[in-house]
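Student: structure here, sequence nowhere to be found:
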């Protein structure tokens, strides 16, 4: 068990560029979550998957944000036409949903800076 | 809509002492979950403790315990015998009962510093 892995750890981009982040969950986990954390705030839920199905995406911040989990394993979060307001930490978490509860395991995040 | 409020932006405590972090929340639901997460400088959020609203007994995990007051919508975290490694941001979080427990609503956090 190597934990939840996120890549890259840091990303610097220019306004208007597209960026993609990757999350590799713990291997047997069936749920995967994306959060955004801005400076001085707690994480903000964006979307989640159960296996390959995206079950909640209404909280994605705009139509510039999209996420995939094509084979129910790793996931990607893409931001198109980045804006300075997109600068934040993007966190991924995974869990094994069982009757009675689930425990989330978080990655160390991808820090995005939009210049 | 549910909200979570942490009114203490920063706190400090001497090593081996006890400290209590405050959290209040607002919801119209009767069943839900409450959590405390720790985020050290490494940035990785770690679950400290979980409370199910329908359980009257306060949750305890080693040196960490909660005081859950459902009527007052209060959920404080007590850390006993504080250690240097407890230095971190602490976030209180809420999730609805049923469905995904990972759809969390977080407070703004409390920065805890443990001093030697």
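Tutor: Happy to help now that I have it. Just so it is clear, the model here is predicted, and its values are computed rather than measured.
Student: tell me which element the nearest residue to residue B:59 once chain neighbours are set aside falls in.
Tutor: Leaving out its chain neighbours, the residue that sits closest to residue B:59 by CB to CB, 6 or more residues apart in numbering or on different chains is residue B:51, at 4.7 Å. C-beta: built from backbone N, CA, C; applies to glycine. Taking DSSP states H and E as the criterion, the element that holds residue B:51 is strand B:46-52.
Student: and the residue in chain B that chain A sits nearest to, its phi and psi?
Tutor: Nearest residue of chain B to chain A (CB to the nearest CB) works out as residue B:106 at 2.9 Å. Main-chain torsions, residue B:106, degrees, to the nearest 10: phi -100, psi 150.
Student: and it, how many neighbours?
Tutor: 22 (other CB atoms under 10 Å in any protein chain shown).
Student: can you tell me the closest non-neighbouring residue to it?
Tutor: Residue B:106 sits nearest to residue A:42 (CB to CB, 6+ apart), 2.9 Å away.
Student: wait, that neighbour sits on residue B:91?
Tutor: Yes - contact criterion CB atoms under 8 Å: residue A:42 and residue B:91 qualify, at 4.9 Å.
Student: between these two, which one's more packed in?
Tutor: More crowded of residue A:42 and residue B:91, by other CB under 10 Å: residue B:91, with 26 against 22.
Student: and the strand holding residue B:51, which residues are buried?
Tutor: B:48-52 (16 or more other CB atoms under 10 Å in any protein chain shown).
Student: that one pairs with which strands, parallel or anti?
Tutor: strand B:32-39 (antiparallel) (DSSP bridges).
Student: returning to that earlier point: overlap of the contact sets of residue A:42 and residue B:91?
Tutor: Listed as contacting both residue A:42 and residue B:91 by CB atoms under 8 Å, 6 or more residues apart in numbering or on different chains are B:106-107, B:109.
Student: got the residues of chain A near chain B?
Tutor: Contact residues (CB under 8 Å from any CB of the partner chain) of chain A with chain B: A:31, A:33, A:35, A:40-45, A:48, A:50, A:55-56, A:89, A:91, A:93, A:95, A:97, A:101-104, A:106-109.
Student: please narrow the residues you listed to those residing in strands.
Tutor: When DSSP state E defines the strands, the subset of those inside them is A:31, A:33, A:35, A:44-45, A:48, A:50, A:55-56, A:89, A:91, A:93, A:95, A:106.
Student: can you name the two of those residues that are farthest apart?
Tutor: The largest separation in these, counting by CB to CB, is between A:50 and A:89 at 24.0 Å.
Student: quick one, which of those two is more surrounded?
Tutor: For residue A:50 versus residue A:89, neighbours defined as other CB under 10 Å are more numerous around residue A:89 (19 against 16).
Student: quick one: contacts for that one?
Tutor: Residue A:89 neighbours (CB under 8 Å, 6+ apart): A:36-38, A:109-112, B:43.
Student: and for residue B:91?
Tutor: Residue B:91 neighbours (CB under 8 Å, 6+ apart): A:42-43, B:6, B:36-39, B:45, B:106-107, B:109-110.
Student: ok, residue B:115 next?
Tutor: Here residue B:115 is in contact with B:12-15 (CB under 8 Å, 6+ apart).
Student: likewise residue A:81?
Tutor: Taking CB under 8 Å, 6+ apart as the definition, contacts of residue A:81 comprise A:16-18, A:64.
Student: where's it relative to chain B, distance?
Tutor: 26 Å (CB to the nearest CB, to the nearest Å).
Student: for that residue, what are phi and psi?
Tutor: phi 50, psi 60.
Student: ok, now the one 5 residues further on?
Tutor: With angles defined as degrees, to the nearest 10, residue A:86 sits at phi -80, psi -10.
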